[in-house]
Each structure stands twice: as structure tokens, then as C-alpha cells.
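Chemist: Just need the structure, nothing else, for what follows:
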Amino acid sequence: MDVLIAFAVFIVVMTGCLIMSGPMLLPLAVGFACFYIVALRKGFSFSQVAKMAGKGAKDSLVVIEVLMLIGLITALWRSAGTITFFVYYGIQIITPPMFIFITFVLACLLSYALGTSFGVAGTVGVIFMALARSGGVSEIVTAGAVMSGVYFGDRGSPASSSANLVAAVTHTRLYDNVKEMMKTGLIPLGLSAIIYLVLSMRHPITHVDDTILHALRSDFTINWWLVVPAVLMLVLPLLKVNVMIAMAASIVSGAVVSMAVQGLSFGETCKFAVMGYAAQSGSLGAILDGGGAVSMLEVCGIVFLSCSYSGIFSGTNMLGNIQHLLEKLIGRIGKFGAMFVTGLATTGIFCNQTIASIMCSDLLGKPYEAQGASKTELAIDIENSAIVTAGLVPWTIACTVPLGMLGVGIEALPYSVFLYLMPLCYMVTKGIWYGESDREKS
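Modeler: A predicted model of the protein is given here:
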């Protein structure tokens, strides 16, 4: 009963913050206090619970390091003109029957390189939505292509905060997870590409507005040096270089390009890297502004507090009764079926992809272990369910924020085909990847 009351208080405060657009750290702090009190009531001492929370929080430190590097990258890619480069040449290769397909491919590429769904939706997505509106292309189809593309990278990129978080809470290796995600994502990615190719032909663009191209050329010096930070970020991990080193190389090259090509001073470059890029002039400033280490502080706090929950949950066995019920559910609908249901439920309740991922790990970690599943399988099941389906729940942050940036409503969700093809395809093919049917025998 104490656990249920703690969850109820957590949910109420979370709902209030969502309605009032308050910081997510507040409900997490309240929830932490509630679960701490429940642990004390279960007979654990104050210092014992503190050690449990500290052990869980320790797992978040690597993720926080990656998140801060991602913040630096997202700002320097803006100031260097790297994002501008891809948008500029992406527009250049547009042909009338290929617009939506190119939108999807470009969103996939940049989200995989940057590891951020919101960052790509708010830059590339906004620009291509403007092209769609001026060129007579369906807004909701274009928005669906953007949503699919940005969540392809948000799910499977080694630079993704969600991928790093899932690796941390499941105690798995990031690169092992990335390989598995790429393998299990090939079929839905291919099907999505085919669907968007067909939709492109059915919704051709009538003309491409040159105004955006002129604005890009006036705000940035565009040449091939701008692509160096992206090449390093994409290629080095493929050569088995540590993701931290790849990020550091991208950051350094982004700073060099910002100064050598775009003419920024060392001070301006450092300021943008920390505080976020802010265009001094130009019509695209409102779209390209953002990023920076400061932009990741709240996310880092969320990860730190959320991981401390895991330590308390595992140390006190606070979720034992719920886990027992989930073991029975696994016996009926299989591990991934139970994960899919749990992911939708936690996403719907907490309205947050991060918390849903952590709750899925905490709730299903022991039931998966009891079924003989590896930690990697647990991590991939979370990635192929809660991470992508969060974008399909209309009231979640993962859905409302990018759709708001794109200027459309939930009518775009049926065209966000990768978000539902990913779990559906995985549900059908999981037996191939893991050598046995996911449907467990009782």
C-alpha cells in the first residue's frame, strides 16, 4: 500500500507539472522523497537507503558525461554550419516525386549523427515543413516522415541520450545494444523507406522555395569543410572508436570549423558551446538557435534522480508484487508482449520517455532474468517498445513537443510509420534474432 501511495503522489505531481509546464525535476524529487520514506518504513536505515540510491545514481555518471558532450555537439554543429550543410544540399537534390522520401532520409541521417529527436525536428523538420507548405505537399505526411526519421536516430544512435540511459539502467554495453538495434531495425527501416517513397510519388512537391536557400547562403559560408564534424561522429564509431572519443573529435572539429570557416571568435565559439548557439542576425536564427551544455542540465538531473530510483527499488525489492504479476503476464503473452504493454502503460502514466524506460527496466528486470533472458535482450526490448511508442501517445512529451515544433497535430501520427512498424516487426521477428520464440511456455 505504501508503494501505491508513493506512486500516486508521484503521478499527481507529475501531472500538475505537465499541465503547468513546470520542470520535470520537481516530480522526480518528490517521488524520490516518497520512495525513500517507503524504504524507511520497510525497516531499512537512512544510511542503507542512501547507499542504495547512491549505487543507482553512480550508474548515471557515464550517461551524464555523454549528455553534456551531446549538448556541446548540438551547439557547435549549428555554429559550424554542419546542420545547414545537410539542409542546403538536401534541398538541392529534391525532385518533385522525391520530397517526402528525402525528408525521411535526411531526418534519419542527422538524428543518427546527433542522437536527438527534438534537435532535428526543431531544425531540419521545421525547414522541410516550410518547404512542404510552400510547395503544396501534405503537411501531415511530411510531419509523419520527420517523426519517423528523428526517432530512428533517437532509438539507435550511439550519441542518443535514450540509448545511453537504457544501457546504464540495464547494465549493458552501449555498442552491443547499438549493433542489436541496427540489426532488429533493418526491416522496419526498409519498409518505412518504401512507404515514404510511395507517398512521395503520390504527394509530389510543386516547387521548391529558393528563399530558404538564399537565407542559408547569407547566414553561413557553405563548403565541404562543414561536413567534417558529422563524418567524424558517424565514421569513428564504425571503426570501433569509443563514442566519447568520437564525440570529442566532433566537438573539436566543430569548434575549428566555426572559427576558421564561419569567422567566429574563440570566445564566441566557447560561449555557444556552453550556452547554446544564438544567431547574431539572419532569418533562420529562430530555427537554428539552441543546443549547448546548459540545455542538457535538466536532462542530466532527470537521469541522475531516475537512476537513484533504480538503486532503491532493487535494494528494497519494493516492486516485488508488481514483478510477480508481470511474470504471469510474460507466461501469457511473452517477454516482448509484456514489455510492450508495460512501456505503453508507463509512458501513458508518466508522459515521459525517460521515466518509462527506467520503470520498464526496474519492473521487468527480474522477470526477464527469471525467464533466462540476457540483459542485452532486456535493453533491446525497451528500445524497440517504450522508446519509439512514446512518440505515438498523444499526451506525452515525446509526441507533443516535436509535433508542436512542426506545427501539426496528432493527425500526423498515422503517417509516422517507423514508430509502429518497429515494435510490430520486432514482435514478429524476435524469434529469428534470439533463436527462439518470444512466446514463453508456462
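Chemist: Please count neighbours and contacts with C-alpha atoms only from this point.
Modeler: Noted.
Chemist: mind checking pLDDT for the residue nearest to residue 361 when sequence neighbours are not counted?
Modeler: Nearest residue to residue 361, sequence neighbours excluded (C-alpha to C-alpha, 6 or more residues apart in numbering): residue 170, at 6.3 Å. According to the prediction, residue 170 has pLDDT 89.
Chemist: which one's the longest helix in the chain?
Modeler: helix 320-350 (DSSP state H).
Chemist: Specify the next element, helix or strand, located C-terminal of that helix.
Modeler: Later in the chain than helix 320-350, the nearest helix or strand by DSSP states H and E is helix 353-370.
Chemist: contacting residues around the helix or strand just after that following helix?
Modeler: Once the chain leaves helix 353-370, the next helix or strand it forms, by DSSP H and E, is helix 375-383. Under the contact criterion C-alpha atoms under 8 Å, 6 or more residues apart in numbering, helix 375-383 has outside partners 155-156, 163, 166-167, 170-172, 176-177, 180-181, 336, 339, 343, 357, 360-361, 364-365, 368-369.
Chemist: which of these are buried?
Modeler: Buried by 16 or more other C-alpha atoms under 10 Å: 155-156, 163, 166-167, 170, 172, 177, 180-181, 336, 339, 343, 357, 360-361, 364-365, 368, out of those.
Chemist: How about the contacts made by the residue nearest the centre of the chain?
Modeler: Centroid check for the chain by C-alpha atoms, centre = their mean gives residue 154 as the closest residue, at 3.4 Å. For residue 154, the contacting residues are 111, 112, 115, 116, 117, 160, 161, 162, 163, by C-alpha under 8 Å, 6+ apart.
Chemist: Next, work out how far apart it and residue 383 are.
Modeler: 10 Å (C-alpha to C-alpha, to the nearest Å).
Chemist: re the thing from before, could you list which residues are in contact with the residue nearest to residue 361?
Modeler: With contact set as C-alpha under 8 Å, 6+ apart, residue 170 has these partners: 361, 365, 375, 376, 378, 379.
Chemist: Pull out the buried residues from stretch 342-361.
Modeler: Quick answer for stretch 342-361 (16+ other C-alpha under 10 Å): 342-344, 346-361.
Chemist: From the contact counts, what lies against the longest helix of the chain?
Modeler: Applying 3 or more C-alpha pairs under 8 Å, 6 or more residues apart in numbering; DSSP states H and E, one finds that helix 320-350 contacts helix 2-20, helix 353-370, helix 375-383, helix 386-389, helix 417-434.
Chemist: now with 10 Å?
Modeler: helix 2-20, helix 353-370, helix 375-383, helix 386-389, helix 397-406, helix 417-434 (3 or more C-alpha pairs under 10 Å, 6 or more residues apart in numbering; DSSP states H and E).
Chemist: which SSE is the residue nearest to the centre of the chain in?
Modeler: Short version, using DSSP H and E: residue 154 is in helix 139-156.
Chemist: Quick check: next helix or strand after that helix?
Modeler: helix 161-170.
Chemist: what about that next one, distance to the chain center?
Modeler: Helix 161-170 sits 10 Å away from the centroid of its parent chain (C-alpha atoms, centre = their mean, to the nearest Å).
Chemist: what is the rounded mean pLDDT of the helix or strand that comes right after that helix?
Modeler: Proceeding N to C from helix 161-170, the next assigned helix or strand is helix 174-202, under DSSP H and E. Taken as a whole, helix 174-202 has a mean pLDDT of 94.
Chemist: Which elements pack onto helix 174-202?
Modeler: Using 3+ C-alpha pairs under 10 Å, 6+ apart, helix 174-202 sits against helix 99-114, helix 139-156, helix 161-170, helix 375-383, helix 417-434.
Chemist: Of those, which is nearest residue 300?
Modeler: Of all the helices and strands packed on helix 174-202, helix 161-170 sits nearest to residue 300, with 9.6 Å by C-alpha to C-alpha.
Chemist: Quick one: work out the angle between that closest one and helix 353-370.
Modeler: Helix 161-170 and helix 353-370 are oriented at 40 degrees to each other (axes from the mean of the first three to the mean of the last three C-alpha atoms, to 10 degrees).
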